[in-house]
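> Have a look; sequence and predicted model below, questions after that.
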Amino acid sequence: MNSPLHELLAAVPQHGRVRWIGVRPQSRGAMIELDAVEARREAGLTGDHARPGPRNARQVTLIQWEHLAVISALLQRQDDQLITPADLRRNIAVSGINLFSLKGRRFRIGQAILETTGWCQPCARLEERLGVGTFQAVRGHGGITARILHGGIIRLDDALHVEPLRTPGLE
């Protein structure tokens, strides 16, 4: 029998919405904002510098759109200096769903199915690029990493739907 906490963790009634898409062709190069991108199974996003392969846990990085305002506030940034997904070098920004609720879950965005692989922690380069305090401001707000299980096109305004939990032995 499932506990009430287990049931609460398993149920994710919210649906997200893609608000921003970007890729970085080179490791430290500028981000390119896109209206759509191809997610390739075990290879990452077309045009992105992610390391391909079935074991790469960072094929795609996602950030919660709502957290950009939190990070901006923690850095005391005004309207003309708000932090963007490109500043944080994330591939996809999603609104309307708590990305941490996707821990250990599979989810669909557009035609693609992804699986959460971990938390996207800030790196020291953010502090160098965006100023003192950025590292601490992003902690806990950096988003998630994911790998692509089923390829397809992801577009701006596509919905993010959480896939039902898999029952062991029935896959």
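Noted; the coordinates are in hand. Numbers count the residues shown, from 1 in each chain.

> Spell out which helix or strand contains the spatially most central residue of the chain, please.
In the chain, the residue lying closest to the centroid (CA atoms, centre = their mean) is L62, at 1.0 Å. L62 belongs to strand 60-64 when elements are defined using DSSP states H and E.

> so where's this structure uncertain?
Within the chain, the ranges that satisfy pLDDT under 70 run 1-2, 51-56, 166-171.

> Please repeat the previous calculation with a cut-off of 90.
For the chain, the stretches flagged by pLDDT under 90 are 1-15, 26-29, 42-43, 49-58, 78-81, 103-104, 121-129, 131, 163-171.

> just the strands in it please.
Listed in chain order, the strands of the chain (DSSP state E) span residues 16-23, 32-34, 36-40, 44-45, 60-64, 92-95, 106-109, 112-119, 144-150, 152-155, 159-162.

> Ok, which of these comes nearest S3?
S3 sits nearest to strand 159-162 of all those, at 19.8 Å, using CB to CB. For glycine as for every other residue, the C-beta is placed from the backbone atoms N, C-alpha and C.

> which residues touch H15?
Contact analysis of H15 by CB atoms under 8 Å, 6 or more residues apart in numbering lists 96-97, 159-162.

> Looking at those residues, which one is closest to V37?
Closest to V37, out of all of the contacts of H15 and judged by CB to CB, is L160, at 14.4 Å.

> nearest residue to the closest one other than its sequence neighbours?
With sequence-adjacent residues excluded and distances taken as CB to CB, 6 or more residues apart in numbering, L160 is closest to G16, at 3.3 Å.

> ok, now which ones touch the one you found?
By CB under 8 Å, 6+ apart, the neighbours of G16 are 94-97, 99, 109, 159-160.

> 7 Å instead, please
Contact partners of G16, counting by CB atoms under 7 Å, 6 or more residues apart in numbering, are 94-97, 159-160.
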